[in-house]
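# please find the sequence and the predicted model below.
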Amino acid sequence: MSITLLTPRPSQLDRDAFVASFGDIYEHSPWVAELAWEAGLSDAQDSPAGLAAAMGEVLRSASAERQLEVIRAHPDLAGKAALAGQLTDDSTREQAGAGLDQCSPEELARFERLNAAYKDKFGFPFVMAVKGNDRHAILAAFETRLDNDPAEERRTAVEQINRIALLRLESRVA
């Protein structure tokens with residue numbers, strides 16, 4: 001079994017080149033890449049899974065406030081930014097891949113209601129790695145996760161963001 005390597009190889013980059021190459025993996029949060037580089041990179045981080053693990057640990061070990069900054073940097077799913085074409089390229093591809101750009105008016109209204117209820121309860125947007133899911137599964141997850149307590153939901157959002165990061169890194173070698 002061969003391991004697919006990222007190009008450029010993260011372990012061979014200086015700080016600026018690493019952040020330029022991977023600073024966009026976490027939505028509007030290049031500090032995650034900066035801290036991953038500062039922690040030290042080896043050949044183990046030259047694969048999508050290895051780099052995702054290193055960067056994921058940075059986010060998991062960050063303070064709750066820093067985690068919330070990253071969570072809040074994510075757009076609402078099927079929200080106003082998506083409708084206005086104001087998402088990052090990665091978010092646009094991810095939401096379109098889940099069919100969120102094909103919602104019926106009723107589904108958009110449901111997303112809007114759930115986005116509002118979720119933000120009212122938790123103070124941050126609902127984040128889910130949508131690749132491999134359709135809008136029906138996303139809406140179901142939305143409703144289930146509204147029952148979480150705030151600390152549990154922050155942890156869930158961080159793990160979903162780390163999954164998004166892995167998927168983004170994998171797409172760079174696909």
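The structure has been received and is ready for your questions. Since the structure is predicted, the reported quantities are computational estimates derived from the model, not experimental observations. Residues are numbered from 1 along each chain as shown.

# and residue 141, what does it touch?
Residue 141 makes contact with 128, 133, according to C-beta atoms under 8 Å, 6 or more residues apart in numbering. Backbone N, C-alpha and C define where each C-beta goes, glycine included.

# that one in helix, strand or coil?
Secondary structure for residue 141, judged by DSSP: H, G, I helix; E, B strand; the rest coil, is helix.

# tell me how many other residues crowd residue 144.
9 (other C-beta atoms under 10 Å).

# what about residue 84, how many neighbours?
8.

# actually, residue 108.
16.

# residue contacts, the nearest residue to it once chain neighbours are set aside?
Closest residue to residue 108 apart from its sequence neighbours, by C-beta to C-beta, 6 or more residues apart in numbering: residue 78 at 6.1 Å. Residues near residue 78 by C-beta under 8 Å, 6+ apart: 95, 100, 103, 107-108, 111, 115, 135.

# among those residues, which ones are in helices?
The members of the contacts of residue 78 that map onto helices under DSSP state H are 95, 107-108, 111, 115, 135.

# select only the buried ones of those in PyMOL?
Burial among those is assessed by 16 or more other C-beta atoms under 10 Å; the matching PyMOL selection reads:
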select buried, resi 95+107+108+111+115+135
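
# okay if I get the ones in helices among the contacts of residue 78 as JSON lines plus distance to residue 14 and pLDDT?
Shown next, in JSON lines, are the ones in helices among the contacts of residue 78 (distance: C-beta to C-beta, whole Å; pLDDT from 0 to 100):
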{"residue": "95", "distance to residue 14": "34", "pLDDT": "85"}
{"residue": "107", "distance to residue 14": "46", "pLDDT": "92"}
{"residue": "108", "distance to residue 14": "45", "pLDDT": "90"}
{"residue": "111", "distance to residue 14": "42", "pLDDT": "93"}
{"residue": "115", "distance to residue 14": "40", "pLDDT": "95"}
{"residue": "135", "distance to residue 14": "42", "pLDDT": "92"}
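
# out of the ones in helices among the contacts of residue 78, which is nearest to residue 168?
Nearest to residue 168 among the ones in helices among the contacts of residue 78, counting by C-beta to C-beta, is residue 95 at 13.3 Å.

# apart from its chain neighbours, what residue comes closest to the closest one?
Residue 95 sits nearest to residue 82 (C-beta to C-beta, 6+ apart), 5.6 Å away.
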